[in-house]
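Undergrad: dropping the sequence and predicted coords here.
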Amino acid sequence: MGGSAMSIMLDDSEDQDSHIQCYDNDFYVAIMDEDLGRIDSISKKHGSNFIIKSRGAVQVIQTGPSILPLHLAACYRRVKSIKSLLSAGADPELRDNYGRNALHLAIISWPCIQNALPKSSSRFQAVVNSMQLRSEACLRILCDHGVDVNAEVKSQRHETALHLAVHYAALPAIHILASYGVEINAVDSAGMTALHMASGTLCRDIITSLIRLQADVHAVVTSSGNTPLHVAVMAATTRSTRTLDADTSCISELVKQGAVVDAVNKAGRTALQEACSWANEEMVDLLLRHGADVNRLTAAGESCLYLFLDHTANVRNGSLLAKLLGLTAPLTFYNRDWRLPYALRQPQFSKQRHQLLSMTQQPRSLQDTCRNHIYLMDSGGKSEELRRILPKRVYDFVFSCWETKHITFMTEDANTFNTGNFFGNPLPRPQYIAST
C-alpha cells in the first residue's frame, strides 16, 4: 500500500498542528494493522492529530481518502490503535468535514447485526460477534478518555451520539452511552428525542431500553407536537413494507409504558385520528383496544369518521368505513364549520352522500348500541375474555359483522374506486357508476 517514506505538507493558512497532511499510506497501514510501534514512532515525530491523505485506491468507508488517524481507527474498530493514538495525544473531539468526531464515527460504523442471516454459519456469526465486541470496546475507550458523550454532529440535524445509535440500531451503544451520563432526552434540530427516532423506526428493543433509561414517553416534537406514539402510529401506517406483529408490539409497548393514547399534537389530532386519516384498519383496531376515544374531535371539530372520508382513496376500505359509521356517536359528517369531508363533496358521490346523511336522521337500534358498547369494552385486550363469555354468534356479531347499510363506493363491473389521493386532490381517473 505504498512505501515507508513520508512527505509532510503544511497548510500555511490554518493551524499547523491539526492540518499536517501525510501523503503516504504508511500511517494508514500502521493503524489498520495495529502496529503500535510504528504508530508510536510516527506520532512522536509528527503528532497524532494530522490528516492522513492517502494516495492510490485507499478509501476510508465513512470519510473518503482523507481522515484523521483516530477517526480511521474508530471507523474500522481498531481497539489497540485507538488506545495508542489517545496515549499519544490524539484529540477525540476533532471533527471531520461533516462535523463528526471519533465517537460519532464509531457509532456510524457499528456492525449491522439485525441484517445478519438467520441461518448463518457459526464462523460467520463469530465474525459478527467479534465486530460488535470491538465496536463496544472502542466506544468505551473513547468514553473513558473523556469524550463528550452529548456532543452534537455539527450538521443541519445536530444529532447527538444517542440519536446516531438509534439510527444505526446500535442497542449496546445506547447502554454504553447511558452508563457514561448521556442526556436521554436530548433533541436534534427538529426537536426529536432518541425515543421519537426509535418510534419512527418501530424497533421495540430500542424503545423499551430508552424508556427504561428514563426517556420521556410524553415528549413532543417541537414543530409538530407529535408524541412518540404519534410517530410510531404514523410510521406503521405509512411505511410500504408491513410487519404487523412488530408494528403493533412497538405501539403496545409505548402504551404499556405510559403513553397517553389520546394525546393530541399541534394539529389537534390523536394517534387514532391519524390512523383513521390514513385508513389503517389494523392500527385503528389496536388503538381502540388500548382505549382510544373514537368520538374525540380535533380542534376543527373533525371526527375520526370525518378524517377517514376527507381522503377519497380511503373509501375503498369498506370494512373500516362500516366500523367508523357504527362507532361514531352522535353520527355526523360535518366539522365545526359545517363543512363535509372531501369525498362527500364530490359530485360522483352524491348518491352516497344522500344515503349517509339520511342515516343521521335515523335512531340507532338497541342491537347496534349494545354491540358498540361491547366492542369498545375491548380496551386492554379483553377480546379473548369476551370470546369465552359470549356465545359465538354474539361474539362474531360484535367483532366481525360491520355493514355499510348497502352503501358502496365500488363500481359494479370493475371493482374499482374513484379515489383521488391522500392529500385531497382528485387524480385523473375514469368516473364510475355508483351502486347501491
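TA: Alright, I've got the coordinates. Residues are numbered from 1 along each chain as shown.
Undergrad: show the end-to-end separation of stretch 265-281, please.
TA: Start-to-end span of stretch 265-281 (C-alpha to C-alpha, to the nearest Å) is 21 Å.
Undergrad: all the strands of the stretch 51-200 of the chain, in order from the start?
TA: Along the stretch 51-200 of the chain, the stretches classed as strands by DSSP state E, counting those that start in this stretch are 51-53, 66-67.
Undergrad: could you pull out the helices for the stretch 101-250 of the chain?
TA: Remark: helices assigned in the stretch 101-250 of the chain by DSSP state H, counting those that start in this stretch are 102-108, 122-144, 161-167, 171-179, 194-201, 204-212, 228-238, 244-256.
Undergrad: who's in contact with the third one?
TA: The one in question is helix 161-167. Residues outside helix 161-167 that contact it (C-beta atoms under 8 Å, 6 or more residues apart in numbering): 103-104, 107-108, 110, 149-151, 153, 157, 159, 170-171, 173-174, 177, 182-184, 186, 188, 192, 194, 197-198, 201, 203, 206, 210. In short, each C-beta sits where N, CA and C put it, glycine included.
Undergrad: out of those, which are buried?
TA: Buried members of the contacts of helix 161-167, counted by 16 or more other C-beta atoms under 10 Å: 103-104, 107-108, 110, 149, 151, 153, 159, 170-171, 173-174, 177, 182, 184, 186, 188, 192, 194, 197-198, 201, 203, 206, 210.
Undergrad: pLDDT weak spots in the stretch 301-436 of the chain?
TA: Low-confidence segments of the stretch 301-436 of the chain (pLDDT under 70): 378-383, 397, 401-406, 410-436.
Undergrad: please redo it, this time with the cut-off set to 80
TA: 365, 367-390, 392-436 (pLDDT under 80).
Undergrad: and the stretch 151-300 of the chain, by the same measure?
TA: Across the stretch 151-300 of the chain, the ranges flagged by pLDDT under 80 are 239-246.
Undergrad: so what are the domain limits for this protein?
TA: 1-90, 92-183, 312-436 (automatic domain parsing).
Undergrad: center of the protein - which residue?
TA: With distances taken as C-alpha atoms, centre = their mean, Gly200 lies nearest the centre of the chain, 1.5 Å away.
Undergrad: make JSON lines out of the domains of the chain and add distance to Leu287.
TA: Formatted as JSON lines, these follow (distance: least, C-beta to C-beta, whole Å):
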{"stretch": "domain 1-90", "distance to Leu287": "40"}
{"stretch": "domain 92-183", "distance to Leu287": "24"}
{"stretch": "domain 312-436", "distance to Leu287": "10"}
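Undergrad: relative to Leu272, which of those domains is closest?
TA: Distance to Leu272, taken as C-beta to C-beta, is lowest for domain 312-436 among the domains of the chain, at 10.6 Å.
Undergrad: how many neighbours does Val392 have?
TA: Careful, residue 392 is Lys; it's not Val. 8 (other C-beta atoms under 10 Å).
Undergrad: contacting residues for Glu384?
TA: Glu384 makes no contacts at all, as judged by C-beta under 8 Å, 6+ apart.
Undergrad: tell me which element it is part of?
TA: helix 383-389 (DSSP states H and E).
Undergrad: what's the first helix or strand after that helix?
TA: Using DSSP H and E, the helix or strand that follows helix 383-389 in sequence is helix 392-399.
Undergrad: run the chain-centre distance for that following helix.
TA: 36 Å (C-alpha atoms, centre = their mean, to the nearest Å).
Undergrad: helices and strands around it, which ones?
TA: For helix 392-399, the packing partners by 3 or more C-beta pairs under 8 Å, 6 or more residues apart in numbering; DSSP states H and E come out as helix 366-376, helix 383-389.
Undergrad: how deep is the closest residue to Glu93 other than its chain neighbours tucked in, by neighbour count?
TA: Among residues not flanking Glu93 along the chain, Asn101 sits closest, at 5.4 Å (C-beta to C-beta, 6 or more residues apart in numbering). Asn101: 25 surrounding residues under other C-beta under 10 Å.
Undergrad: and if you look at Lys256?
TA: 13.
Undergrad: go on, Lys351?
TA: 14.
Undergrad: host element of it?
TA: helix 350-359.
Undergrad: okay, buried residues for that helix please.
TA: 352-353, 355-356.
Undergrad: how about those residues in a markdown table, adding distance to Val398?
TA: As requested, those are exported to a markdown table (distance: C-beta to C-beta, whole Å):
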| residue | distance to Val398 |
| --- | --- |
| Gln352 | 26 |
| Arg353 | 29 |
| Gln355 | 24 |
| Leu356 | 23 |
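Undergrad: and these, which is closest to Val284?
TA: Leu356 (18.9 Å).
Undergrad: what helix or strand is the closest residue to that closest one other than its chain neighbours located in?
TA: Nearest non-adjacent residue to Leu356, counting by C-beta to C-beta, 6+ apart: Phe333, 6.1 Å away. Per DSSP H and E, Phe333 falls between elements, in no helix or strand.
Undergrad: what count of nearby residues applies to Phe333?
TA: Around Phe333 there are 20 other residues, counting by other C-beta under 10 Å.
Undergrad: what of Tyr76?
TA: What Tyr76 shows, counting by other C-beta under 10 Å, is a neighbour count of 20.
Undergrad: ok, it to Ile108 distance?
TA: 12 Å (C-beta to C-beta, to the nearest Å).
Undergrad: mutual contacts of those two, please.
TA: Residues touching both Tyr76 and Ile108 (C-beta under 8 Å, 6+ apart): none.
Undergrad: ok now the helix holding Glu384, how far from the chain's centre?
TA: That offset, for helix 383-389, works out to 34 Å (C-alpha atoms, centre = their mean).
Undergrad: before we move on, what about stretch 217-232?
TA: That offset, for stretch 217-232, works out to 11 Å (C-alpha atoms, centre = their mean).
Undergrad: one more: stretch 359-377?
TA: The answer for stretch 359-377 is 37 Å, by C-alpha atoms, centre = their mean.
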